[in-house]
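Chemist: What follows is a protein structure lacking sequence information:
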């Protein structure tokens, strides 16, 4: 059974650019959540999608957005990148309710903003 | 704001020694409690979780954790540490059963021979 797949694994972008990260959940999982991990702030919740609807949103600026497609695949987008957006972005999928009870995490996308 | 505290940033133990990693959380009526492990460059792997029932839960890789409601704690233990256990460990809490996970800042575990 394939796990949660995040692409790309590594990304280098310049300040001011935008970036799109992709997450393919485990087959059958309808909930996808995104977390940002930095050395200073630790793991912080970005948003959660369920059946193409955003159910929860963390305390991040509007530059951070996401969406979920009908096949449950999810993308997150960060516009006007700042140096502080450099982080490991983790995606987790789940079929359980609440979704936190059954998270499977991907290996993450390492974003570096220069 | 609801928070999760892991008081130990870094712990070093000898291989074969016992381990206890501490986790405390701010008040939550019916918390869902989790421990995850992260190896360098990897995502998070679930070690164990607690929702209800027996307050001592068993997980993978020989880990166990005990929920103590009166102390708002969920400490992780292992009786004998292996070199492969060296990693970062995160405690996480879903405070009401349908809210995003709040993570502690993590405890880095080093294992020496």
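Modeler: Now that the structure is in, tell me what you want to look at. Since the structure is predicted, the reported quantities are computational estimates derived from the model, not experimental observations.
Chemist: Quick check: the gap between residue A:69 and chain B.
Modeler: As for residue A:69, its distance to chain B is 21 Å (criterion: Cβ to the nearest Cβ, to the nearest Å). Quick note: C-beta positions are derived from backbone N, CA and C, even for glycine.
Chemist: Nearest residue to that residue in space, please, no chain neighbours.
Modeler: residue A:52 (6.9 Å; Cβ to Cβ, 6 or more residues apart in numbering or on different chains).
Chemist: The one you found and residue A:66 touch, don't they?
Modeler: No. Applying Cβ atoms under 8 Å, one finds residue A:52 not in contact with residue A:66, separated by 11.0 Å.
Chemist: re the thing from before, what about the residue nearest to residue A:69, neighbour count?
Modeler: 13 (other Cβ atoms under 10 Å in any protein chain shown).
Chemist: Could you tell me what pLDDT the model assigned to it?
Modeler: For residue A:52, the pLDDT comes out at 94.
Chemist: same check, this time on residue A:1
Modeler: 64.
Chemist: In contact with the residue nearest to residue A:69, which residues are there?
Modeler: Residue A:52 is in contact with A:67, A:68, A:69, A:70, counting by Cβ atoms under 8 Å, 6 or more residues apart in numbering or on different chains.
Chemist: ok, 7 Å please
Modeler: A:68, A:69, A:70 (Cβ atoms under 7 Å, 6 or more residues apart in numbering or on different chains).
Chemist: One more: residue A:70?
Modeler: residue A:52.
Chemist: any low-confidence regions in chain B?
Modeler: B:28-29 (pLDDT under 70).
Chemist: which phi and psi does the residue nearest to residue B:34 when sequence neighbours are not counted have?
Modeler: Nearest non-adjacent residue to residue B:34, counting by Cβ to Cβ, 6+ apart: residue B:92, 4.4 Å away. Main-chain dihedrals, residue B:92, degrees, to the nearest 10: phi -140, psi 150.
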